[in-house]
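A.B. asks: sequence and computational prediction follow.
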Amino acid sequence: MAVQISRAFKDISLSFTRSPITNDVVSLRNEDAIKKSVINLCRTRLTDRFFNELLGTSIEDALFELVGDDIGVTLEEEIKSLLNNFEPRIKLTQVNIEDSIDENGLYITIRYNIVGLPFPEQNIEFLLQPSRI
């Protein structure tokens, strides 16, 4: 099996804040850039991206559904499929979704390894809540 060697990754920050040193838009590098990309992919709704209607998940829509075990399993499979298809820089190891009744949302945990870079396993945890209550 051939080992893939990657180069460094760099993205711009979507906050569009200025760097005090370079007076340019702040950039994200390597694991921070990939982490932001994974979160953005998970938060993208289906049909939000023109000309690529398969990119996205129904997580945001599920926030307004009744919470149940079947919704968590369905969303986990959606996230796995999405990240395997649209984020080639990672090797996914785990996706877990739990309902958070106290905070009225979904608690999402994603674990992955970065392909070709010697970083330890990455862990992303975030809570999605409906913006309308």
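C.D. replies: Perfect, I can see it now.

A.B. asks: run through the helices of this structure in chain order.
C.D. replies: Applying DSSP state H to the chain gives helices spanning 30-43, 59-62, 69-86.

A.B. asks: measure the residue lying farthest from the centre of the chain to residue 27 for me?
C.D. replies: The C-alpha centroid of the chain is most remote from residue 21, which lies 29.3 Å away (C-alpha atoms, centre = their mean). Using C-beta to C-beta, to the nearest Å, one gets 12 Å for the distance from residue 21 to residue 27. Where you see a C-beta, it was placed from the backbone N, CA and C, and this is true even at glycine.

A.B. asks: what ranges does this structure have for its strands?
C.D. replies: 10-12, 27-29, 90-100, 105-114, 122-128 (DSSP state E).

A.B. asks: could you export the ones you listed as TSV, including distance to residue 77 and mean neighbour count?
C.D. replies: Formatted as TSV, the strands of the chain follow (distance: least, C-beta to C-beta, whole Å; neighbours: other C-beta atoms under 10 Å):
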stretch	distance to residue 77	mean neighbour count
strand 10-12	27	13
strand 27-29	28	14
strand 90-100	8	16
strand 105-114	13	18
strand 122-128	17	14
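
A.B. asks: hmm, back to that, of the helices of the chain, which is nearest residue 15?
C.D. replies: helix 30-43 (10.1 Å; C-beta to C-beta).

A.B. asks: mind listing what's buried in that closest one?
C.D. replies: For helix 30-43, a neighbour-count test (16 or more other C-beta atoms under 10 Å) marks 30, 33, 34, 35, 36, 37, 38, 41, 42 as buried.

A.B. asks: now those residues as TSV including distance to residue 16?
C.D. replies: Shown next, in TSV, are the buried residues of helix 30-43 (distance: C-beta to C-beta, whole Å):
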residue	distance to residue 16
30	20
33	15
34	20
35	18
36	13
37	17
38	20
41	20
42	21
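
A.B. asks: hmm, which two among these are most spread apart?
C.D. replies: Maximum distance among those (C-beta to C-beta): 19.4 Å, for 30 and 42.
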